[in-house]
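Novice: sequence-free structure coming up:
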């Protein structure tokens, strides 16, 4: 039986607001998904674009370029701490209100960042910006999931996927352009017109909803344990990627592991946990979250490793490096119109497994590259890497919510956003750690390609491991959300349904909304 909104703790529509903003049905689909994708792009872009502008910012504040790292870290820590609480905020105050507030906070904080005249002030404004982003992306995706039919989920998720693929590739180019032609302050000012446009669109497109009648209190022990554990984890990962000593980051990672273990123990026992782990009982969600996190970790590692290899080992110029990395972006965007038809034709399981193998092969190709490799061959390997990472992202992100019932959707969305944020940061940390270990091997010299070759091969192994849970799924897994699927799975759905409390019956998947 489907849980009612009051029992499930979901926001229930306000009749007057629904009539006034009857846009849910009118704007649902690609328009709403594009709106959320635009906010997702802003959040991802601001997490990576500062690296290019760090030297100019350091001169402006009369400090060293290394000191600017605290600005990037503050933003990522704020995201990690704030995301777990986004689901509770949306449930308590209503998704439309929280989403509008998040866009406003992010946009205003961007302006304050541009106006900052000292490093401490900029760091504080970056924390505020990160808190806005922590609410903006998960709550926006929750709105899309609730207003999208299962059969249209793959198309909507395809729109939400491209910012995560595009931002890391575009950020160095945009950052370099702003710094060269204007000022580092424009990396923040560029958010103003986009933020205002998103806010206007949000007020027009998202239907007014009332908060849940039963307002659960914030799980303060869960918030403190989870927030501290995630913040420590992000700090440890940033330390590993920074190239300093290993003692401090390893201690931070060990403390984080203890805190997160205690946090999981609390979340499993709490009556109203901050993060409801019940969604992990859903087989397709569990496979997509676990395997997808490993997959995302390796995908996020490639944009970090490629420029290092090209500039450090091949001695390429930044311009040549940036132009070559664009091949990854071309693969990302070029395959996007075909991802939904591929899922429709072959199903989630096969598409994910082929994407996993293809990504591993492309990483093996990167390991075989050298400074003497023809440019067209290097570009072709990077193009293939972009194709497989884009296809795998779309399939994972859609399958993740294919069998999640409406009663646990907010919790599942928040947990997924937390896992994705950590996986993206973990990719850089893991890659940096492996690279530093490879550089310490006998025979490795400065500017040698051998450490990079070893790192790529390690990434091949980890990528192959990412498909284990998905491999064990039935071939028709997630058929409820398969584009234009007419027949609902009769083999996977009963197993999934039996794992949930208050789930919708499998027979209704093709017609019900998440």
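Specialist: Right, received. Where do you want to start? On a predicted model such as this, the values are computed, not experimentally measured, just so you know. Numbers count the residues shown, from 1 in each chain.
Novice: Residues touching stretch 240-258, excluding its own?
Specialist: 66, 69, 229-230, 232-233, 235-237, 239, 304, 428-429, 432-433, 436 (CB atoms under 8 Å, 6 or more residues apart in numbering). C-beta: built from backbone N, CA, C; applies to glycine.
Novice: just stretch 359-371 next, same as before
Specialist: For stretch 359-371, using CB under 8 Å, 6+ apart, the contacting residues are 295, 298-299, 302, 306, 309, 313-315, 378, 381-382, 384-385, 388-389, 392, 449, 452-453, 456-457, 459-460, 463-464.
Novice: Kindly report the same for stretch 53-72.
Specialist: 47, 50-51, 118-119, 122-123, 126, 175, 178-179, 183-184, 187, 238, 242.
Novice: Of those residues, just say which sits nearest to residue 408.
Specialist: The nearest member of these to residue 408, counting by CB to CB, is residue 47 at 28.2 Å.
Novice: For the closest one, give me the backbone phi and psi.
Specialist: In terms of degrees, to the nearest 10, the main-chain angles of residue 47 are phi -80, psi -20.
Novice: got it, and residue 466?
Specialist: Per degrees, to the nearest 10, the backbone of residue 466 is at phi -70, psi -20.
Novice: before we move on, what about residue 68?
Specialist: Backbone dihedrals for residue 68, given as degrees, to the nearest 10, come out at phi -70, psi -20.
Novice: Now the residue most central in space within the chain: closest residue in space, sequence neighbours ignored.
Specialist: Among the residues of the chain, the one closest to the centroid is residue 420, at 4.3 Å (CA atoms, centre = their mean). Of all residues not flanking residue 420 in the chain, residue 296 sits nearest, at 6.1 Å (CB to CB, 6 or more residues apart in numbering).
Novice: So the one you found is in contact with residue 422, correct?
Specialist: No. Applying CB atoms under 8 Å as the test, residue 296 and residue 422 come out as separate, 9.3 Å apart.
Novice: Which of the two has more residues huddled nearby?
Specialist: Neighbours per residue, other CB atoms under 10 Å: of residue 296 and residue 422, the larger number sits with residue 296, 25 against 22.
Novice: any idea how far the helix or strand hosting that one is from the chain center?
Specialist: Residue 296 belongs to helix 283-308 when assigned by DSSP states H and E. Helix 283-308 has its C-alpha centroid displaced from the chain centroid by 10 Å (CA atoms, centre = their mean, to the nearest Å).
Novice: And stretch 45-56, by the same measure?
Specialist: For stretch 45-56 - counting by CA atoms, centre = their mean - the centre lies 18 Å from the chain centre.
Novice: for stretch 357-377, same thing?
Specialist: The answer for stretch 357-377 is 26 Å, by CA atoms, centre = their mean.
Novice: Pull out the buried positions in it.
Specialist: 358, 359, 360, 361, 362, 363, 365, 366, 367, 369 (16 or more other CB atoms under 10 Å).
Novice: Quote the end-to-end distance of that stretch.
Specialist: One end of stretch 357-377 sits 19 Å from the other (CA to CA, to the nearest Å).
Novice: Output the buried residues of stretch 357-377 in a markdown table; the columns should cover pLDDT.
Specialist: Converted to a markdown table, the buried residues of stretch 357-377 look like this (pLDDT from 0 to 100):
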| residue | pLDDT |
| --- | --- |
| 358 | 95 |
| 359 | 95 |
| 360 | 95 |
| 361 | 96 |
| 362 | 95 |
| 363 | 95 |
| 365 | 95 |
| 366 | 94 |
| 367 | 93 |
| 369 | 90 |
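Novice: Let's have the residues you listed in a markdown table, adding secondary structure and distance to residue 262.
Specialist: Below are the buried residues of stretch 357-377 laid out as a markdown table (DSSP: H, G, I helix; E, B strand; the rest coil; distance: CB to CB, whole Å):
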| residue | secondary structure | distance to residue 262 |
| --- | --- | --- |
| 358 | helix | 39 |
| 359 | helix | 34 |
| 360 | helix | 35 |
| 361 | helix | 40 |
| 362 | helix | 39 |
| 363 | helix | 35 |
| 365 | helix | 42 |
| 366 | helix | 39 |
| 367 | helix | 39 |
| 369 | coil | 44 |
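Novice: Show me which pair in the residues you listed is furthest apart.
Specialist: 358 and 369 (17.0 Å).
Novice: The helix or strand harbouring residue 324: how far from the chain's middle?
Specialist: Here residue 324, judged by DSSP H and E, is contained in helix 318-346. Put simply, helix 318-346 sits 17 Å off its chain's centre (CA atoms, centre = their mean).
Novice: Return the set of buried residues in that helix.
Specialist: 321-322, 324-329, 331-333, 335-336, 339-340, 342-343, 346.
Novice: Now that you've got the contacts of stretch 53-72, can you turn the buried subset into something I can paste into ChimeraX?
Specialist: Selection command for ChimeraX covering only the buried members of the contacts of stretch 53-72, criterion 16+ other CB under 10 Å:
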select :47,50,51,119,122,123,126,175,178,179,184,187,238,242
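Novice: from the contacts of stretch 53-72, which single one is nearest residue 475?
Specialist: Nearest member of the contacts of stretch 53-72 to residue 475, counting by CB to CB, is residue 47, at 36.7 Å.
Novice: Next, the contact list for residue 287, please.
Specialist: 399, 469, 470, 472, 473, 477.
Novice: Tell me the spacing between it and residue 349.
Specialist: Relative to residue 349, residue 287 is positioned 9 Å away (CB to CB, to the nearest Å).
Novice: Mutual contacts of those two, please.
Specialist: Between them, residue 287 and residue 349 share the contacting residues 470, 473, 477, judged by CB under 8 Å, 6+ apart.
Novice: just checking, the last one touches residue 348?
Specialist: Yes. In this structure, residue 477 is within contact of residue 348 by CB under 8 Å, at 5.9 Å.
Novice: Can you give me the buried ones in stretch 399-419?
Specialist: For stretch 399-419, burial by neighbour count (16+ other CB under 10 Å) applies to 399-419.
Novice: So for it, mean pLDDT?
Specialist: In this model, stretch 399-419 has a mean pLDDT of 87.
Novice: Just the endpoints, please. Distance across it?
Specialist: 15 Å.
Novice: Please enumerate the strands of this structure.
Specialist: Taking DSSP state E to define them, one finds strands in the chain at 12-13, 209-210.
Novice: which outside residues touch stretch 33-44?
Specialist: 79, 102-103, 106, 133, 136-137, 140-141, 143-144, 148, 155-157, 159-160, 162-164, 166-168, 191, 194-195, 197-198, 201-202, 205.
Novice: try 7 Å this time
Specialist: Contacts to stretch 33-44, defined as CB atoms under 7 Å, 6 or more residues apart in numbering, come from residues 103, 106, 133, 136-137, 140-141, 143-144, 156, 159-160, 162-164, 166-167, 191, 194-195, 198, 201-202, 205.
Novice: Return every residue with contacts to both of residue 477 and residue 348.
Specialist: In contact with both residue 477 and residue 348: residue 399, using CB under 7 Å, 6+ apart.
Novice: residue ranges with poor pLDDT in the stretch 401-514 of the chain?
Specialist: Residues of the stretch 401-514 of the chain meeting the criterion pLDDT under 70: 443-447, 483-514.
Novice: show me where it has helices.
Specialist: Assigned by DSSP state H, counting those that start in this stretch, the stretch 401-514 of the chain shows helices spanning 409-439, 450-465, 468-471, 492-498.
Novice: So which of those is nearest residue 263?
Specialist: Across those, closest to residue 263 is helix 409-439 (CB to CB), at 11.1 Å.
Novice: thinking again about what came up before, pick out the shakiest of the strands of the chain, pLDDT-wise.
Specialist: Minimum mean pLDDT among the strands of the chain: strand 12-13, a mean of 41.
Novice: what sits against residue 353?
Specialist: 467, 470, 471.
Novice: And for residue 64, the neighbour number?
Specialist: Every residue meeting other CB under 10 Å relative to residue 64 is counted, giving 12.
Novice: start the count at 7, not 1, going forward
Specialist: OK, 7 is where the count begins now, so the last one is residue 70.
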